[in-house]
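Student: sequence plus the predicted model coming up.
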Amino acid sequence: MPPVSHPFQKGLLVVLMNYNDHTPPHVHVKYQNDYRSYRIEIKSRQWMRPGKQLPPKLKRLIEAWVEAHEEALLEQ
């Protein structure tokens, strides 16, 4: 799964997207070397069955990032 962005401190938080993944369109968030637990739907910006919770500040940053890049993410 290729990284889409490193929006924050290098390596701390990485946004990944597999363009051939299942619906609904979503991105994975790699945080502390774990990317399976954090997924967010692009259109609704709803978190998908979180196994773990991101810290609230990081969660809001990711939601804002997804909103700002929604069009580009969905056209792939």
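Tutor: Nice, thanks for sending it over.
Student: which stretches of the protein form strands?
Tutor: 3-5, 13-16, 26-31, 39-41 (DSSP state E).
Student: ranking those by burial, who's on top?
Tutor: When these are scored by mean count of other Cβ atoms under 10 Å, the highest mean neighbour count falls to strand 26-31 (a mean of 22). C-beta: built from backbone N, CA, C; applies to glycine.
Student: just for this structure, where's the confidence low?
Tutor: Segments of the chain classed as low confidence (criterion: pLDDT under 70) are 1-11, 50, 76.
Student: which residues of it fall in helices?
Tutor: For the chain, the helices defined by DSSP state H cover 56-68, 70-74.
Student: go through those helices and name the closest to Arg39.
Tutor: With Cβ to Cβ as the measure, helix 56-68 is the member of the helices of the chain nearest Arg39 (10.4 Å).
Student: elements contacting the closest one?
Tutor: Using 3 or more Cβ pairs under 8 Å, 6 or more residues apart in numbering; DSSP states H and E, the elements in contact with helix 56-68 are strand 13-16, strand 26-31, strand 39-41.
Student: what's around the spatially closest residue to Ile42 that is not a sequence neighbour, how many residues?
Tutor: For Ile42, ignoring the flanking residues on the chain, the nearest one in space by Cβ to Cβ, 6 or more residues apart in numbering is Pro25 at 4.7 Å. Pro25 has 15 neighbouring residues, counting by other Cβ atoms under 10 Å.
Student: cool, Gln46 as well?
Tutor: Neighbours of Gln46 (other Cβ under 10 Å): 12.
Student: I figured it hits His26, correct?
Tutor: No: contact criterion Cβ atoms under 8 Å: Gln46 and His26 do not qualify, at 9.3 Å.
Student: just the CA trace of stretch 53-73, in CSV.
Tutor: Provided in CSV are the C-alpha atoms of stretch 53-73 (Å, rounded to 0.1, in the frame of the first residue of the first chain):
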residue,chain,number,x,y,z
GLN,A,53,-8.2,5.0,19.1
LEU,A,54,-5.9,7.7,17.7
PRO,A,55,-5.2,10.5,20.2
PRO,A,56,-8.0,13.1,19.7
LYS,A,57,-5.7,15.8,18.3
LEU,A,58,-4.3,13.4,15.6
LYS,A,59,-7.7,12.2,14.8
ARG,A,60,-8.9,15.8,14.1
LEU,A,61,-5.8,16.5,12.0
ILE,A,62,-6.4,13.4,9.8
GLU,A,63,-10.1,14.2,9.4
ALA,A,64,-9.1,17.8,8.3
TRP,A,65,-6.5,16.4,5.9
VAL,A,66,-8.9,13.9,4.3
GLU,A,67,-11.5,16.7,3.9
ALA,A,68,-8.9,19.0,2.2
HIS,A,69,-7.7,16.2,-0.2
GLU,A,70,-11.1,14.4,-0.7
GLU,A,71,-11.4,15.3,-4.5
ALA,A,72,-7.8,14.1,-5.3
LEU,A,73,-8.2,10.9,-3.3
